[in-house]
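Asks: What shape does this take:
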Amino acid sequence: MIRLGIPSKGRLKKQVEKFFLEKGLELVKVGSSREYLAEFKEEKKIQIILLAASDLPLEIKKGNLDIGITGRDLVFEKILDWQKWVVELQQLGFGNADLVIGVPQFWIDVNHLDDLDEVAYFFRKKYSRCLRIATKYQNITREFLIDKQVTNFEIVESQGATEGAIVNGIADVVVDITSTGETLKQNKLKTIEDGILLKSFAGIFMNKRWYKKNKSDLVLKNFLDKVF
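Replies: Alright, predicted model coming up:
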């Protein structure tokens, strides 16, 4: 039995269901209404487990799932050195979004990372504090900014509506995922030209150890042939 994890709710869940249906694999719910289990109508050797998209990466890493479909951004954020633990098998044609830096629109002279670094230095010198960056993506943000030699910043954890963190006085800058940029604009934010941290999409990911042991398994091969 192959354990396949998919998102339990939201737009991504609907996109995954549509993707499989187009491949001739119809998903149906099994068990009680409280159980997060499903199966393919025509394929009984794959168990579907419904989980929050953000929980899927760690469950794949731990081996509780053999395969999972989730956002690339979540895999990068949740699993440090993710390539040691997970195989990125296939990019899917949906769930595309960018992880970007958003700054206030009235910062008219801040259009590049060098400008942002200067603002951070200014905050340190004038206000004796770091530039505050609100994000759900702490690991990706920290690694990106350090690599780009941006200094004098601190990350503020955000689990709610990140775009509102500046208006609420929680942060000076945000890093968030966006498909169209419309939510950023509505919150009077703009992106900077070299401020894309990651281009994300929905993908099929596998536990690396499991894949090495089972890549010749007929059930897996048949499933992948249908999907690809």
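Asks: May I have the strands that pair with the one helix or strand in the chain whose mean pLDDT sits lowest, each with its orientation?
Replies: Ranking every helix and strand in the chain by mean pLDDT, DSSP states H and E puts strand 27-30 at the bottom, with a mean of 85. Strand 27-30 pairs in its sheet with strand 37-40 (antiparallel), by DSSP bridges.
Asks: Now do the buried residues in the least confident helix or strand of the chain.
Replies: Across strand 27-30, burial judged by 16 or more other Cβ atoms under 10 Å covers Leu27. (C-beta placed from N, C-alpha, C; glycine too.)
Asks: Run the chain-centre distance for it.
Replies: 25 Å (Cα atoms, centre = their mean, to the nearest Å).
Asks: repeat for stretch 217-228
Replies: On Cα atoms, centre = their mean, the centre of stretch 217-228 falls 25 Å from the chain's centre.
Asks: can you start the count at 37 instead of 1 from here on
Replies: OK, 37 is where the count begins now, so the last one is stretch 253-264.
Asks: got the buried residues for that stretch?
Replies: So stretch 253-264, judged by 16+ other Cβ under 10 Å, has buried residues Leu256, Phe259, Val263.
Asks: got it, and stretch 169-177?
Replies: Ile169, Ala170, Thr171, Lys172, Tyr173, Ile176, Thr177.
Asks: distance between the ends of that stretch?
Replies: For stretch 169-177, the first-to-last residue distance is 9 Å (Cα to Cα, to the nearest Å).
Asks: same check, this time on stretch 111-125
Replies: End-to-end for stretch 111-125, by Cα to Cα: 13 Å.
Asks: Now it: buried residues?
Replies: Val111, Phe112, Glu113, Lys114, Ile115, Trp118, Trp121, Val122, Val123.
Asks: what are the pairing partners of the lengthiest strand in the chain, and which direction each?
Replies: For the chain, the strand reaching the highest residue count under DSSP state E is reported as strand 225-236. The strands beside strand 225-236 in its sheet (DSSP bridges) come out as strand 133-140 (antiparallel).
Asks: could you check the distance from Lys50 over to Ile82?
Replies: 19 Å (Cβ to Cβ, to the nearest Å).
Asks: State the helix or strand in which Asp153 lies.
Replies: helix 149-163 (DSSP states H and E).
Asks: just checking, what packs against that helix?
Replies: strand 167-171, strand 225-236 (3 or more Cβ pairs under 8 Å, 6 or more residues apart in numbering; DSSP states H and E).
Asks: Deepest-packed of those strands, please.
Replies: Ranked by mean neighbour count, the helices and strands packed on helix 149-163 are led by strand 167-171 with a mean of 24 (mean count of other Cβ atoms under 10 Å).
Asks: Pull up the pairing partners for that strand, direction included.
Replies: By DSSP bridges, strand 167-171 pairs with strand 189-193 (parallel), strand 209-214 (parallel).
Asks: Can you identify the element that follows it toward the C-terminus?
Replies: helix 174-183.
Asks: can you list contacts of that following helix?
Replies: Contact partners of helix 174-183, identified using Cβ atoms under 8 Å, 6 or more residues apart in numbering, comprise 109, 112-113, 116, 135, 169, 171, 189, 191, 193, 211, 233-234.
Asks: Kindly recompute the last result at 6 Å.
Replies: Outside helix 174-183, the residues within contact range by Cβ atoms under 6 Å, 6 or more residues apart in numbering are Phe112, Glu113, Thr171, Ile191, Val211, Leu233.
Asks: Check the gap between the nearest residue to Ile137 once chain neighbours are set aside and Phe180 for me.
Replies: Excluding the flanking residues, the one nearest Ile137 by Cβ to Cβ, 6 or more residues apart in numbering is Gly231, at 3.5 Å. For Gly231, the distance to Phe180 equals 9 Å [Cβ to Cβ].
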